[in-house]
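Participant: next input, structure requested:
(one chain, ligands or ions: 2)
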Amino acid sequence: MTTTKGLEGIVATTSSISSIIDGILTYRGIDIDELAEKATFEEVAYLLWYGKLPNQSELDQLLSDLSANSAIPTAVIDQMRLYPKDTNSMAALRTAVSSLSLYDLSANDMSRDANVLKAIKLQAQIPTVIAAFARIREGKEVISPKSGVSIAENFLYMLTGDKPDKVAIEALDKALVLHADHELNASTFAARVTVATLSDIYSGVTSAIGALKGPLHGGANEAVMAMLDEIGSLDNVESYVNKKLENKEKLMGFGHRVYKNGDPRAKHLEKMSRALGEITGNMKWYDMSIKIEEIVTGKKGLRPNVDFYSASCYTYLKIPRDLFTPIFAISRASGWTAHILEQYDNNRLIRPRAEYTGPVNQSYVPIDQRS
Ligand SMILES: CC(=O)SCCNC(=O)CCNC(=O)[C@H](O)C(C)(C)COP(=O)(O)OP(=O)(O)OC[C@H]1O[C@@H](n2cnc3c(N)ncnc32)[C@H](O)[C@@H]1OP(=O)(O)O
Ligand SMILES: O=C([O-])CC(=O)C(=O)O
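Facilitator: Numbering: from 1, shown residues only. Ligands and ions are numbered 1, 2, ... in the order given. This next block holds a predicted model:
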């Protein structure tokens, strides 16, 4: 038996959804650089689910299905009112998504059609859950989703109650495109492991949210902003980063298991952060981020990952820091559910082995003889 810590380099499944080959990321064979410039998030979700870009009538149908399914049950909203106001937002999302299954009569219908519909429903409802939670904890009225607008626009609207401006909608939409899928990342693997037991799609997405929450994965975007807040100003960057490096502490938003020469998504977010800084007339977060990158890449050779510049982008969009990882979940719900559908289509239980390193030839000792 050979073991590989963290399953590094192990190919655990085949998949036709996204690929990372020689540092190039594609969704269904289309380069992320092209999708980032040209596609909307809804087109990308369709691409991930159905394996091709939608034509106009297919896209219209998807938009109408997303709108029709975006409201969440009153019972789930009522439950959210009982969550502690200071609860972790990813814990709230994980709990609420699990609750959604209780009110979906088709939750345990394992037919393909029912699962595709549930994928669309989860994609539509997750933004509503996050916005509702964000408002409830501030004692504000929950805002119902609008129909006929994009997921990005709807989310910003449900969060604030105001019509978001075009720049904000386009920036969030592009961020959603960039985060939608990423081969066999930890949360997607968690989703696939869960549904490979033939458990339901809600269980798969709930597992995935739990895995995304951690700071080594999606939780890093919030941790990056916590770091920027802690540093406070451009003048403090150098001493802060050098100290972290000297103490061999991790700099959040840097490094990647698969990309060793840079994450192709980061440059799009860096560009977006710069543009948002210019538009808002506040370059502070962008300038600090650039300086951190210069030092970390210069001294350690580590490059920023998708989480690094998304932090300053979302801050420029006035999104509260603890909603950064939930926003990642809005986007990745498309990838998770595409992978869940793919797993069901060609399922086998996922059950690797562990190399045992514990004691051997031990005997049961009666309790009165134990030290
Ligand atoms: C959407 C996403 O999930 S993207 C990733 C988001 N996570 C983060 O940004 C958290 C910070 N980054 C990390 O912790 C890691 O780079 C991970 C978790 C992303 C990848 O981890 P692994 O592939 O297991 O790499 P590992 O942690 O073994 O790092 C290899 C070496 O680089 C160093 N290293 C890796 N990332 C960092 C970092 N962010 N800061 C400082 N050093 C780092 C490690 O200390 C290690 O050094 P060593 O060989 O001297 O011990
Ligand atoms: O692939 C990974 O390990 C993490 C990542 O970048 C993602 O999930 O987007």
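
Participant: secondary structure element for Leu63?
Facilitator: Mapping Leu63 onto the secondary structure by DSSP states H and E places it in helix 56-68.

Participant: pLDDT wise, what is the closest residue to ligand 1 within the stretch 201-350 of the chain at?
Facilitator: For the stretch 201-350 of the chain and ligand 1, the shortest gap (Cβ to the nearest ligand atom) falls at Gly255, measuring 2.3 Å. Bear in mind the C-beta positions are built from the backbone N, C-alpha and C, glycine included. At Gly255, the model reports a pLDDT of 98.

Participant: so it sits right up against Val306, yeah?
Facilitator: No - proximity of Gly255 to Val306 does not meet the contact threshold set by Cβ atoms under 8 Å, at 11.7 Å.

Participant: who's more crowded, those two?
Facilitator: Val306 (24 against 20; other Cβ atoms under 10 Å).

Participant: mind checking the SS state of the spatially most central residue of the chain?
Facilitator: When Cα atoms, centre = their mean is applied to the chain, the residue found nearest the centroid is Phe328 (3.0 Å). Using DSSP: H, G, I helix; E, B strand; the rest coil, the secondary structure recorded for Phe328 is helix.

Participant: which one is it nearest to, not counting chain neighbours?
Facilitator: In space, Phe328 comes closest to Gly218 once its chain neighbours are excluded; the distance is 4.3 Å by Cβ to Cβ, 6 or more residues apart in numbering.

Participant: who touches the residue of the stretch 201-350 of the chain closest to ligand 1 in this structure?
Facilitator: Contacts here follow Cβ atoms under 8 Å, 6 or more residues apart in numbering; on that basis Gly255 touches Leu302, Arg303, Asn305.

Participant: near ligand 1, which residues of the stretch 201-350 of the chain show up?
Facilitator: Where proximity means Cβ under 6 Å from any ligand atom, the interface of the stretch 201-350 of the chain facing ligand 1 comprises 216-218, 220, 250-257, 300, 302, 305-307.

Participant: and the residues you listed, which of them are in strands?
Facilitator: With strands defined by DSSP state E, no entry of these lies inside them.

Participant: OK, contacts around the residue nearest to the centre of the chain?
Facilitator: For Phe328, the contacting residues are His179, Leu212, Gly218, Asn221, Asp307, Ser310, by Cβ under 8 Å, 6+ apart.

Participant: give me the three-state assignment for the closest residue to the first one other than its chain neighbours.
Facilitator: Going back to what we said before, that points to His179. Closest residue in space to His179, ignoring its immediate chain neighbours: Ser331 at 3.8 Å, by Cβ to Cβ, 6+ apart. Three-state assignment for Ser331 (three-state DSSP): helix.

Participant: quick one: pLDDT of Ser331?
Facilitator: What the model reports as pLDDT for Ser331 is 99.

Participant: how deep is Arg257 tucked in, by neighbour count?
Facilitator: Under the neighbour criterion other Cβ under 10 Å, Arg257 is assigned a count of 14.

Participant: for it, which non-adjacent residue is spatially closest?
Facilitator: Arg257's closest residue in space is Glu8 (Cβ to Cβ, 6+ apart), at 6.6 Å.

Participant: for that neighbour, give its distance to ligand 2.
Facilitator: 11 Å (Cβ to the nearest ligand atom, to the nearest Å).

Participant: now do the contacts for Gly148.
Facilitator: Contacts for Gly148 (Cβ under 8 Å, 6+ apart) come out as Leu63, Ser67.

Participant: model confidence score at it, please.
Facilitator: Gly148 is assigned a pLDDT of 93 by the prediction.

Participant: can you report phi and psi for Ser19?
Facilitator: The phi/psi pair for Ser19 (degrees, to the nearest 10) reads phi -140, psi 150.

Participant: what's the nearest residue to it if we skip its chain neighbours?
Facilitator: For Ser19, ignoring the flanking residues on the chain, the nearest one in space by Cβ to Cβ, 6+ apart is Thr26 at 5.1 Å.

Participant: hang on, the one you found in a strand?
Facilitator: Yes - when the secondary structure is assigned by three-state DSSP, Thr26 falls within a strand.

Participant: which SS class is Lys248?
Facilitator: Secondary structure for Lys248, judged by three-state DSSP, is coil.

Participant: thinking again about what came up before, surely the residue nearest to His179 and Asp173 touch.
Facilitator: No - when contacts are counted by Cβ under 8 Å, Ser331 is not listed as touching Asp173 (9.8 Å).

Participant: give me the contact list for the helix holding Leu63.
Facilitator: Contacting residues not belonging to helix 56-68 are listed as 42-43, 45-46, 50, 54, 117, 120, 123-124, 145-151 [Cβ under 8 Å, 6+ apart].

Participant: please check those and keep the buried ones.
Facilitator: Buried members of these, scored by 16 or more other Cβ atoms under 10 Å, are 42-43, 45-46, 54, 117, 120, 123-124, 145, 149-151.

Participant: if we can go back for a sec, the residue nearest to Phe328: how many residues sit nearby?
Facilitator: Close neighbours of Gly218, defined as other Cβ under 10 Å, add up to 29.

Participant: could you pull up phi and psi at Met110?
Facilitator: Note on Met110: its backbone torsions stand at phi -90, psi 10 [degrees, to the nearest 10].
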